[in-house]
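1. Give me a model of this one.
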Amino acid sequence: MLLQKQKEIQHRKELLVKQKRKDYPEVAIYEQLLGLQLDSSQPETLQFRFARVRETDLTATCLLVLNFSHGGYRVTSTSPPLPASTTEALESQLNSTGNLPRFLKRARAELAAALETR
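-> Numbering: from 1, shown residues only. Next up is the predicted model:
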């Protein structure tokens, strides 16, 4: 019975690896088109890197780290730094609506504006 479970687990791992290989090219296209990279390598944390946020400087990027370990969403860091009132408003909107696309759009706009004021 244990051997059968081990084989089943190994089979599932192999399926995940195959799916990841299929998904990677598609994800890379979306990352390039949307200028958004997502990193989920840290537990209970998502890191969003926004590219092409300035028309005058296509190499400029912004970063937002979102933690979801305590039953809700919390912005733990941004680059450039955002005022606490802004991150609190972003968190409040995301926690009340659950609308991640709207959150990302607003966060990107806030970060781009903060870049312009530097």
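
2. Let me know the average pLDDT across the helix or strand harbouring residue 76.
-> According to DSSP states H and E, residue 76 maps onto strand 74-79. The average pLDDT within strand 74-79 is 96.

3. Enumerate the positions of it that are buried.
-> Within strand 74-79, the residues scored as buried using 16 or more other Cβ atoms under 10 Å are 74-75, 78. Placement of C-beta: from N, CA and C, glycine included.

4. Dump the residues you listed to JSON lines, plus distance to residue 6.
-> Formatted as JSON lines, those follow (distance: Cβ to Cβ, whole Å):
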{"residue": "74", "distance to residue 6": "38"}
{"residue": "75", "distance to residue 6": "41"}
{"residue": "78", "distance to residue 6": "44"}
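
5. Quick check: of those, which lies closest to residue 33?
-> For those, the minimum distance to residue 33 (Cβ to Cβ) is 23.2 Å, reached by residue 78.

6. Against residue 46, how distant is that closest one?
-> Computed as Cβ to Cβ, to the nearest Å, the residue 78 to residue 46 distance reads 13 Å.

7. hey, what's in contact with both of the two?
-> Counting by Cβ atoms under 8 Å, 6 or more residues apart in numbering, the shared contacts of residue 78 and residue 46 are residue 65.

8. who does the lengthiest helix in the chain touch, helix- and strand-wise?
-> In terms of residue count, the longest helix belonging to the chain (DSSP state H) is helix 2-34. If you count contacts as 3 or more Cβ pairs under 8 Å, 6 or more residues apart in numbering; DSSP states H and E, helix 2-34 packs onto no helix or strand.
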